[in-house]
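Peer 1: no sequence on this one, just coordinates:
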């Protein structure tokens, strides 16, 4: 079996969150979904599990963080162009997400940030590694 990654998030409204992540380009895998949680597919080996708090608590060993006020993690998605980044952001903002900061341009990478309804923070970026500086500035 190929290696896979599953990101598990506690959400207050599973359907609303599924609609948001669908707007970003995730697709639902109904085989691993029910009313209390949805399996959202980013690509062949990367999955997002969005679960209501009760279901999530069944897997958790600590209290669920209030991600509206506390940053619990940063999740990053790479895309193939700045236009794709901007389109994904527009879709997410139209679906109710918020952009907590302006786009960052590092020369070789452009990055935008979006938060879902529960405050989970996603960094959407495009990177052109051919523009990565080869020489480090003097310290």
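Peer 2: Thanks, I have the structure now. Keep in mind the model is a prediction, meaning the values are calculated, not measured.
Peer 1: for the lengthiest helix in the chain, packing partners?
Peer 2: Counting by DSSP state H, the longest helix found in the chain is helix 82-94. Under the contact criterion of 3 or more CB pairs under 8 Å, 6 or more residues apart in numbering; DSSP states H and E, helix 82-94 touches helix 14-24, strand 74-79, strand 109-115, strand 121-127. All C-beta spots, glycine's among them, are computed from the backbone N, C-alpha and C.
Peer 1: okay if I get those as TSV plus mean pLDDT?
Peer 2: As requested, the helices and strands packed on helix 82-94 are exported to TSV (pLDDT from 0 to 100):
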stretch	mean pLDDT
helix 14-24	98
strand 74-79	96
strand 109-115	98
strand 121-127	98
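Peer 1: can you add mean neighbour count and give these back as CSV?
Peer 2: Formatted as CSV, the helices and strands packed on helix 82-94 follow (neighbours: other CB atoms under 10 Å):
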stretch, mean neighbour count
helix 14-24, 19
strand 74-79, 14
strand 109-115, 19
strand 121-127, 19
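Peer 1: could you dump these into JSON lines and include distance to residue 51?
Peer 2: Listed next are these as JSON lines, based on distance: least, CB to CB, whole Å:
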{"stretch": "helix 14-24", "distance to residue 51": "7"}
{"stretch": "strand 74-79", "distance to residue 51": "15"}
{"stretch": "strand 109-115", "distance to residue 51": "18"}
{"stretch": "strand 121-127", "distance to residue 51": "17"}
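Peer 1: much appreciated, bye for now.
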